[in-house]
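*Asks:* using only what follows, build the 3D model:
(2 chains)
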Amino acid sequence: MTDDPLVIAGRAFASRLLLGTGGFRSLEEMAEAIRASGSELVTVALRRVDPAQRGSIMDVLAETGVAVLPNTAGCYTARDAIVTAQLAREAFETDWVKLEVIGDDRTLLPDAPELLAAAEALVDDGFVVLPYTTDDPILARRLEDAGCAAVMPLGSPIGSGMGIRNPYNISIIRERTELPVVLDAGVGTASDAALAMELGCDAVLCASAISRAHDAVAMAHAIRAGVEGGRLARRAGRIPRRLYAEASTPDAGLPDFGAPVDA
Amino acid sequence: MIRVALNGEPRELHDGATVADALALLGVAPDARGVAVAVDREVVRRADWAGTPLATGAQVEILTAIQGG
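*Replies:* This next block holds a predicted model:
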């Protein structure tokens, strides 16, 4: 284990990249990308059994050795999200859940009142709740008060690849919660993941940016490196931004070559 | 016969049919990984699949793991 583990609900992870499994073109590509990403925790969803389906994601994930984090994707109400989480606990034998309660199918933005209601109910039911939330610091605090194990604010809408649209809010969330902050949604490429970590996020959750990249496995490597670079930079402590230059070479000892000679 | 909604489709099962019979109808093995069942929005635990009878009008949802999130 690294000397700088990610700890959520008392469980330590060497990797600070969580991977969503949606969008890969095949289970083989997904497995290869998981290995390339170094991720130890990957999301899965629940849908109706399709008798025509061949090949089980569970078998493939078992081979990679990762832990699964079931989501409640597609739920619009607290009521549906709660039942889905309970089904996921039964299906995956985990009480961890990535809680998603969305407001509409065009933005996929969280529905704050329903999200909070679902979080409260699931915490009471013994779940380790990791809510996908907006970049609103007040909602993040309410989720913390509800007993969530982390907060997972979006950088921009799911699958948009628009990066982090309000880095100041992400910084405020980081400053004002004791919980792990996982940047969830909006990452488009490695620099977005690095910025999330530089802002102080504890981890990044990323699906489409990897799974829908031209070369998903190569992008898994790239975003992994972005997360690691951003984390190292955050710990190193960056210089302040300045409007004017500050010379890095000292003036002391500067030679005097005399006045210019007219031609 | 009893009539249930199985994953949204009307299906007929024999009298006394259980959750396990509904799973078999969809070709799901009783030891399949990553499967969960709800009847009328209540989770039926795996250990109870064979012992939980279904009644006409039951809404049975049989879900499994897919890529997502």
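*Asks:* endpoints of stretch A:120-130, how far apart?
*Replies:* Between the start and the finish of stretch A:120-130 there is a gap of 12 Å, counting by CA to CA, to the nearest Å.
*Asks:* my error: substitute stretch A:122-141 in the last question.
*Replies:* For stretch A:122-141, the separation between the terminal residues is 17 Å (CA to CA).
*Asks:* just the pLDDT at residue A:54, thanks.
*Replies:* The confidence metric pLDDT takes the value 68 at residue A:54.
*Asks:* repeat for residue A:92
*Replies:* The predicted local confidence for residue A:92 comes out at a pLDDT of 95.
*Asks:* over to residue B:69?
*Replies:* The confidence metric pLDDT takes the value 84 at residue B:69.
*Asks:* do residue A:219 as well
*Replies:* 98.
*Asks:* what's the helix or strand that contains it packed up against?
*Replies:* Under the criterion DSSP states H and E, the helix or strand holding residue A:219 is helix A:216-236. Based on contacts counted as 3 or more CB pairs under 8 Å, 6 or more residues apart in numbering or on different chains; DSSP states H and E, the elements that helix A:216-236 packs against are strand A:17-20, helix A:27-37, helix A:190-198, strand A:203-206, helix A:208-211. Bear in mind the C-beta positions are built from the backbone N, C-alpha and C, glycine included.
*Asks:* what's the closest of those to chain B?
*Replies:* Taking CB to the nearest CB as the measure, the helices and strands packed on helix A:216-236 were each checked against chain B, and strand A:17-20 came out nearest at 4.3 Å.
*Asks:* which residue is the nearest non-sequential neighbour of the closest residue to chain B within the stretch 101-250 of chain A?
*Replies:* The nearest approach of the stretch 101-250 of chain A to chain B comes at residue A:207, 6.1 Å away (CB to the nearest CB). In space, not counting the residues next to it along the chain, residue A:207 is nearest to residue A:20; the distance is 2.6 Å by CB to CB, 6 or more residues apart in numbering or on different chains.
*Asks:* for residue A:256, helix, strand, or coil?
*Replies:* Secondary structure, DSSP: H, G, I helix; E, B strand; the rest coil: residue A:256 is coil.
*Asks:* cool, and residue A:250?
*Replies:* Under three-state DSSP, the three-state class of residue A:250 is coil.
*Asks:* quick one: the residue lying closest to residue A:38 once chain neighbours are set aside from residue A:127, how far?
*Replies:* For residue A:38, the nearest residue in space outside its immediate sequence neighbours is residue A:15; the separation is 4.6 Å by CB to CB, 6+ apart. Using CB to CB, to the nearest Å, one gets 23 Å for the distance from residue A:15 to residue A:127.
*Asks:* so which of those two has more stuff around it?
*Replies:* Comparing residue A:15 with residue A:127 by other CB atoms under 10 Å in any protein chain shown, the one with more neighbours is residue A:127, at 24 against 19.
*Asks:* picking that back up, ok, now which ones touch the residue nearest to residue A:207?
*Replies:* Listed by CB atoms under 8 Å, 6 or more residues apart in numbering or on different chains, the contact partners of residue A:20 are A:42, A:43, A:205, A:206, A:207, A:208, A:211, B:68, B:69.
*Asks:* residue A:42 in helix, strand or coil?
*Replies:* strand.
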